[in-house]
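Participant: Any chance you can model this:
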Amino acid sequence: MRAQEFIAEDKVGDISTRQRFATVGLNKFRDQQFADRVYELNRVMMAVASTDGEITPEIDAESWAGRHNIAAPYTEVEQKMLEKAYRAVGSKHYDLNSGDLKSEEHPAVNTTSPMQAFKGY
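Facilitator: Numbering: from 1, shown residues only. Reported below is the predicted structural model:
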């Protein structure tokens, strides 16, 4: 048995004439690095939602997280556990908080009430 007889990925399919007649506005796209189809789709659809078809939206090509996975440990023990796991798996990681696990509210949070005081009828 030859490999081409059981490998389905040996050629790129083409849209049939029947499918072409049944659809309108068909677009095919992917990122330049051919890396992540779902992420590229998300970014393109965000840009679509930001335009009316006349203006070019101002949107970053990639978010701060980008194509990275995100882990958010709450404690130093969890941070150490993650570091050991990264090392075991061979994942390259970045500690965006430089080891600081203490969270603080923004100074403007909870300084004024969102409710207006009742001043009578």
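Participant: Distance from the chain centre to stretch 85-97, please.
Facilitator: 19 Å (CA atoms, centre = their mean, to the nearest Å).
Participant: Now do the buried residues in it.
Facilitator: Buried residues in stretch 85-97, defined by neighbour count with 16 or more other CB atoms under 10 Å: none. C-betas here are computed from N, CA, C, even on glycine.
Participant: Could you tell me the end-to-end distance of it?
Facilitator: Length of stretch 85-97, first residue to last, CA to CA, to the nearest Å: 18 Å.
Participant: measure residue 70 to residue 94 for me?
Facilitator: Noted for residue 70: a distance of 10 Å to residue 94, by CB to CB, to the nearest Å.
Participant: Repeat that for residue 100.
Facilitator: 14 Å.
Participant: Residue 111 too?
Facilitator: 33 Å.
Participant: ok, now residue 106?
Facilitator: Counting by CB to CB, the separation of residue 106 from residue 94 is 23 Å.
Participant: what does residue 32 give?
Facilitator: 23 Å.
Participant: swap in residue 78?
Facilitator: 16 Å.
Participant: what does residue 24 give?
Facilitator: Counting by CB to CB, the gap from residue 24 to residue 94 is 44 Å.
Participant: Same check on residue 114?
Facilitator: 36 Å.
Participant: what about the helices in this protein?
Facilitator: Using DSSP state H, the helices of the chain run over residues 3-6, 17-22, 37-49, 76-89.
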